[in-house]
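>>> Compute the structure for the input listed below.
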Amino acid sequence: MPSTTDTARFDATGATIAIEAMVIAEPRVIEEARHWTTGRRLGEAAHASAVGNADVTAFVHEALTFGARVLASTAHTADTRLLESMVKGVGDQTAQASKQAAEITERATAEAAKAVTQVASDAKKAIVEAEVTNRKEITAAVDHATKTLAEQMQRLFGGDKAEVLERMQPLLGTFAQTLQAQVSAGTSELLSKAAKQFDPSDPTSPMAKHAAALAVSQKEFTERIEKNHNVLAHKVDELTTALKVQQATASLAKVTPIKGGSLEAQVHVLMNGIAAGLGDEYQDTTNQVGLLPRCKKGDGVLTVGGHDVRLVVEVTDSKRAGWTAYFDEAERNRAAVASLGVVRSLEQNAGQAIRVVGSRRLVVALDPETDDPELLRTVVILLRTVAMAASVRTGSEEAQTAEEKIAEALAQLVKIDAMKTLASSIQTNAAKIDSGCTAVTTSIHRLLDEALTALAGAHSSATAHEAAEPVVAAGAA
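Residues are numbered from 1 along each chain as shown. You can find the predicted model right below:
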């Protein structure tokens with residue numbers, strides 16, 4: 001159950017919105033509403049003291065309808081811009097992250113290589129210094145041992161004739177030299193092998209192998225980062241392409257062929273509002289097959305309230321020829337007696353705002369986003385009046401009056417076409433021209449109201465005549 005405090009809510013089916021006791025005090029809304037006190041927009045706003053309890057239902061309907069369209073369009077634009085910003089941000093962050101990762105990896109590898117080289121250099125230097133020190137110590141030790149041995153032998157075998165000592169002396173010298181050479185050679189070989197293990201320039205050394213493995217790991221890591229960056233960049237490109245396709249699709253919706261596009265949807269919204277204001281019924285038949293087999297011509301049908309009279313509406317956002325043949329088939333397909341074509345620009349309508357292509361057929365150039373929908377309302381009122389006149393018997397005084405008023409309205413409609421054409425080329429007199437169009441539109445509405453009054457009288461006379469005919473026939477019998 002909806003709350004009793006709700007002022008606007010959906011109905012139980014969710015198909016309509018009910019508004020009750022809503023109060024709006026926005027100054028711009030109030031100012032615009034003063035133009036709608038008669039059920040349609042007037043050129044001059046009514047004074048605040050004269051609008052008390054005035055019915056502005058038509059204004060509320062129009063404001064909500066067009067406001068919803070504007071909000072939807074704005075939301076779509078905001079979503080698109082947000083997505084563009086997100087895509088750009090992802091791309092920038094991806095490139096920055098890849099660049100930083102590569103720089104960090106390169107710096108870490110360089111520092112590691114530098115550290116390894118420094119360690120190897122320090123180790124090699126220490127080994128060389130140890131070798132020099134070791135040589136000195138070995139030489140000193142051998143010299144000391146030789147000297148000590150000579151002294152001991154001198155003490156043991158010495159005397160006036162130390163023949164044994166003289167014979168042993170060369171042998172001891174040779175032994176000392178041999179020992180020193182062998183120890184030095186062994187030590188040098190050992191230290192050389194140790195230094196070789198720390199030499200990065202030797203491919204067989206563990207240090208060189210470690211440096212090579214580190215370089216390979218750095219290369220693989222860099223390639224992996226580059227690969228991941230390329231994959232992510234490809235995904236971002238795909239997302240960007242999808243966004244561009246979406247934008248292109250939205251743009252193409254404004255230049256679609258005869259069976260679709262945003263112009264068609266906008267005209268359907270306007271026609272629904274016009275029909276509601278006239279007490280008529282409007283139906284979107286774009287995707288519905290009509291009376292003719294497999295034929296969908298006739299994008300919309302306006303059924304005049306209280307009469308079996310239909311007006312077919314055809315919308316296209318492209319320049320086309322052959323409106324007469326198209327209207328013939330559309331009227332037969334929708335059982336209509338009058339036709340209205342709507343295009344977006346003057347260029348699509350042979351440079352005319354309103355073009356007459358038959359006795360009950362008009363083509364109007366109207367851009368719902370920029371043009372005043374009052375022109376469409378005026379043309380619809382004229383065509384429905386013509387259609388009602390065509391549905392009653394001719395020859396009566398009321399029907400003749402209606403036909404005269406309709407002819408005058410058509411003449412006034414030609415003036416609107418001339419003024420609209422002039423307004424598109426002369427901007428300096430735009431206010432004066434628009435005022436003239438408003439006056440002519442008011443005149444057309446007055447003439448059509450008189451025609452409708454005459455038609456109502458003709459319809460009543462026809463009904464009375466049809467009711468009297470059976471009585472006369474019965475009396476004659």
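>>> wait, is residue 385 part of a helix?
Yes: counting by DSSP: H, G, I helix; E, B strand; the rest coil, residue 385 falls inside a helix.
>>> what's around it, how many residues?
Applying other C-beta atoms under 10 Å, we find 26 residues neighbouring residue 385. Using the backbone N, CA and C atoms, a C-beta is placed for each residue, glycine as well.
>>> Quickly list the domain ranges of this protein.
Following automatic domain parsing, the chain resolves into domains at 8-78, 84-243, 258-476.
>>> need the least confident one among those domains, by mean pLDDT.
Of all those, domain 84-243 carries the lowest average pLDDT, namely a mean of 70.
>>> And for residue 389, the neighbour number?
By other C-beta under 10 Å, the residues close to residue 389 number 24.
>>> Pull up the distance across stretch 309-329, start to finish.
Stretch 309-329 has an end-to-end distance of 17 Å (C-alpha to C-alpha, to the nearest Å).
>>> list the buried ones in that stretch?
Residues 309-317, 323, 326-327 are the ones in stretch 309-329 that count as buried (16 or more other C-beta atoms under 10 Å).
>>> do stretch 36-44 as well
Neighbour counts using 16+ other C-beta under 10 Å place 36-37, 40-41 of stretch 36-44 among the buried residues.
>>> outside of it, which residues touch it?
Residues external to stretch 36-44 that are found in contact with it (C-beta atoms under 8 Å, 6 or more residues apart in numbering): 35, 46, 50-51, 54-59, 62, 277, 374, 377, 434-435, 438.
>>> where along the protein do the strands fall?
Under the criterion DSSP state E, the chain carries strands at the ranges 8-10, 17-19, 281-284, 300-303, 310-315, 338-343, 354-358, 361-365.
>>> For residue 233, which of those strands is the nearest?
Proximity to residue 233 (C-beta to C-beta) singles out strand 310-315 among the strands of the chain, at 43.4 Å.
>>> Sheet partners, orientation included, of the closest one?
In the sheet, strand 310-315 lines up against strand 300-303 (antiparallel), strand 338-343 (parallel) (DSSP bridges).
>>> among those strands, which is the most enclosed?
When you average the neighbours per residue for each of those (mean count of other C-beta atoms under 10 Å), strand 338-343 leads with a mean of 26.
>>> Any chance you could list what contacts that one?
By C-beta under 8 Å, 6+ apart, the surrounding residues in contact with strand 338-343 are 263, 267, 310-319, 323, 327, 330-331, 349, 357-358, 360-366, 376, 379-380, 383-384, 386-387, 390.
>>> about what we covered before: the buried residues of stretch 309-329: which two are farthest apart?
309 and 317 (27.9 Å).
>>> Against residue 312, how distant is residue 289?
From residue 289 across to residue 312, the span is 14 Å (C-beta to C-beta, to the nearest Å).
>>> And residue 203, by the same measure?
Taking C-beta to C-beta as the measure, residue 203 falls 90 Å from residue 312.
>>> Ok, residue 225 next?
To residue 312, residue 225 is 65 Å away according to C-beta to C-beta.
>>> again with residue 288
12 Å.
>>> Also residue 327?
To residue 312, residue 327 is 8 Å away according to C-beta to C-beta.
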